[in-house]
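Asker: everything below, folded, please.
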Amino acid sequence: MANNKSLSKGGMYYLIYNVLNLAFPFVNGIYVARVLLPASIGAVAAAQNFAQYFIILAFLGIPTYGLREIAKARNNQEERSKVYSELFIINLISTITFLTVYTVLILIIPAYRNELALYLIAGISVALNAINISWLYEGMEEFKFISMRNLAFKTVAFLLLIFLVRDESDIYIYAFISVISYAGNYIVNMIYSPRYVKLTTKGLNLRRHMKSILYLVAVNLAIELYSLMDVTMMNFMCGKDSIAFYKYGYQIEKMLLQVVNTFTIVLIPRISFYYKEKKIDEFNRMISKALKLIIITSIPMMVGIYFTSDFLMVKMYGAQYVTSALILKMFSSLLLISPVGYLLGSRVLLVTGHENLMIVSVGIGALVNLIGNALLIPRYAEFGATVASIISEIVVMLVYVNLGKKHFKLEGIPQTAIKVLFSAVLMGVYLFACSLLPVNPWIVLMLQVAGAVAIYFIVLIVAKENVVVEYAQIAARKGKALIRR
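Answerer: Numbering: from 1, shown residues only. Take a look at the predicted model:
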């Protein structure tokens with residue numbers, strides 16, 4: 001049974017899976033920043049950004065909804081196959097529909113037709129959505145399978161990038177590799193799906209899913225608008241260089257955000273199961289644990305970014321991307337703000353069957369972001385887009401928490417927050433002291449990372465922060481077991 005799967009192992013594998021999805025473009029970016037010009041990178045980002053709108057529409061909220069429904073039916077193979085078949089067919093129909101719309105638009109709108117090759121390549125990602133069934137494996141908590149498979153295909157794609165993208169003329173190869181890196185994952189998912197479900201067309205009821213799906217597609221589109229709208233409006237209001245500077249700062253924040261959110265996402269199938277079984281004490285305990293993990297991981301990341309991003313961004317991407325370091329520092333506040341809203345708002349409302357309320361929060365956030373972009377981008381370019389995104393995320397978090405608070409009861413959060421803040425202050429003092437050392441910057445960085453991590457977690461263990469102590473004990477037991485072998 002899926003319920004017997006280890007949450008710690010599941011969390012580790014799901015972390016690998018999601019970080020790889022973001023680390024691949026991140027590592028690629030380090031390489032292509034030294035091969036392609038910022039304007040070319042911005043052009044590819046603009047095409048991928050436009051295609052992303054149609055991917056979200058074609059998804060119809062199925063990745064989120066499907067995870068929940070598969071988790072609910074995981075002990076009933078017949079019902080699980082029925083749910084899977086219904087959602088697969090809905091996803092197939094929606095993908096064909098929105099792929100058609102996408103194709104028509106890039107052919108008739110001059111701004112897109114002028115760079116038709118890039119937009120056709122980006123459109124492949126829309127078509128691939130038809131066979132994206134990762135939600136099936138997430139609902140079954142098969143995190144090891146999807147993470148290991150993802151690692152293999154991302155590695156192949158990266159090697160292709162190194163060997164095939166060598167100069168400015170290879171911009172289309174770069175765009176193509178970025179898109180097809182997901183194709184292998186999706187194909188393998190389809191091949192192995194009969195182990196868990198049987199695709200059928202008998203006795204299906206597609207209509208029963210439509211209400212929740214339509215709510216979620218509106219929610220997902222509004223959420224993505226925070227980033228997609230930024231790039232879309234920048235594409236018309238400022239230069240392609242600004243898009244590239246914004247992209248790299250945002251990309252690293254997004255990768256780190258996925259690390260923080262993993263601790264929430266991996267608990268969703270279990271939280272859904274507990275709520276369905278009316279095990280409210282376990283439900284509240286899981287939510288409290290997830291929030292503690294968010295606090296424990298996000299705050300030291302914010303401190304670390306402040307002291308190391310200037311050096312790292314220049315070393316990774318080149319001196320022309322120093323602006324991206326400031327963008328990253330500004331975005332780092334979202335490492336705490338976004339996951340809190342995600343957990344206590346959208347995840348709680350989804351699990352408890354109140355997904356219709358989610359549109360209120362993200363709708364307000366999208367409106368705030370649109371107004372902020374319109375006012376700030378013309379004058380402040382990438383910095384204006386960043387400020388608009390931060391303000392909108394704060395608004396979303398506040399509305400989400402207000403809507404979701406009646407469905408959960410938190411335990412021990414103030415105590416954890418105090419311990420974390422104290423540890424982070426000591427960590428910050430150490431990082432600042434290291435920055436004053438008159439030695440090679442790489443040595444300073446190594447001392448900063450190693451020492452800061454050690455100080456932070458030792459202080460939390462001494463302070464007896466229960467979540468950290470729990471995972472430290474698990475690590476110690478596993479270490480002893482390996483030594484005995």
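
Asker: the helix ranked longest in the chain - contacts with which helices or strands?
Answerer: In the chain, taking DSSP state H as the definition, the longest helix is helix 358-404. The criterion is 3 or more C-beta pairs under 8 Å, 6 or more residues apart in numbering; DSSP states H and E, and the helices and strands that helix 358-404 contacts are helix 207-237, helix 240-265, helix 322-331, helix 334-341, helix 348-351. From N, CA and C alone the C-beta is placed, and that goes for glycine too.

Asker: make JSON lines out of those helices and add mean neighbour count, distance to residue 289 and mean pLDDT.
Answerer: Output for the helices and strands packed on helix 358-404, formatted as JSON lines (neighbours: other C-beta atoms under 10 Å; distance: least, C-beta to C-beta, whole Å; pLDDT from 0 to 100):
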{"stretch": "helix 207-237", "mean neighbour count": "19", "distance to residue 289": "24", "mean pLDDT": "75"}
{"stretch": "helix 240-265", "mean neighbour count": "24", "distance to residue 289": "8", "mean pLDDT": "80"}
{"stretch": "helix 322-331", "mean neighbour count": "21", "distance to residue 289": "26", "mean pLDDT": "89"}
{"stretch": "helix 334-341", "mean neighbour count": "23", "distance to residue 289": "13", "mean pLDDT": "90"}
{"stretch": "helix 348-351", "mean neighbour count": "24", "distance to residue 289": "14", "mean pLDDT": "79"}
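
Asker: sorry, back to before: the longest helix of the chain vs helix 207-237, what angle?
Answerer: 100 degrees (axes from the mean of the first three to the mean of the last three C-alpha atoms, to 10 degrees).

Asker: you'd agree residue 337 is up against residue 397?
Answerer: Yes. Taking C-beta atoms under 8 Å as the definition, residue 337 is a contact partner of residue 397 at 5.2 Å.

Asker: which of the helices and strands packed on helix 358-404 sits closest to residue 200?
Answerer: Among the helices and strands packed on helix 358-404, helix 207-237 comes nearest to residue 200, with 15.5 Å by C-beta to C-beta.

Asker: low-confidence ranges, the stretch 101-250 of the chain, go.
Answerer: 220-227 (pLDDT under 70).

Asker: if I read this right, residue 251 contacts residue 28, doesn't it?
Answerer: No. Taking contacts as C-beta under 8 Å, residue 251 lies outside contact range of residue 28: 9.9 Å.

Asker: closest to residue 453 out of the helices and strands packed on helix 358-404?
Answerer: Comparing those under C-beta to C-beta, the one sitting nearest is helix 240-265, at 13.9 Å.

Asker: so what touches the helix or strand that that closest one is followed by?
Answerer: Later in the chain than helix 240-265, the nearest helix or strand by DSSP states H and E is helix 268-276. With C-beta atoms under 8 Å, 6 or more residues apart in numbering as the test, helix 268-276 has contacts from 2-3, 7, 67-68, 71-72, 74, 138-139, 141, 280, 282-283, 286-287, 347, 350-352.

Asker: any idea which helix or strand comes after helix 268-276?
Answerer: Taking DSSP H and E, what comes next after helix 268-276 is helix 280-317.

Asker: pop out the phi and psi values for residue 75.
Answerer: phi -90, psi 0 (degrees, to the nearest 10).

Asker: let me have the helices and strands packed on helix 358-404 in CSV, extended by distance to residue 117.
Answerer: Putting those into CSV (distance: least, C-beta to C-beta, whole Å) gives the following:
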stretch, distance to residue 117
helix 207-237, 17
helix 240-265, 16
helix 322-331, 27
helix 334-341, 34
helix 348-351, 39
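
Asker: residue 313: which of the ones you listed is closest?
Answerer: That would be helix 322-331 among the helices and strands packed on helix 358-404, by C-beta to C-beta, at 3.9 Å.
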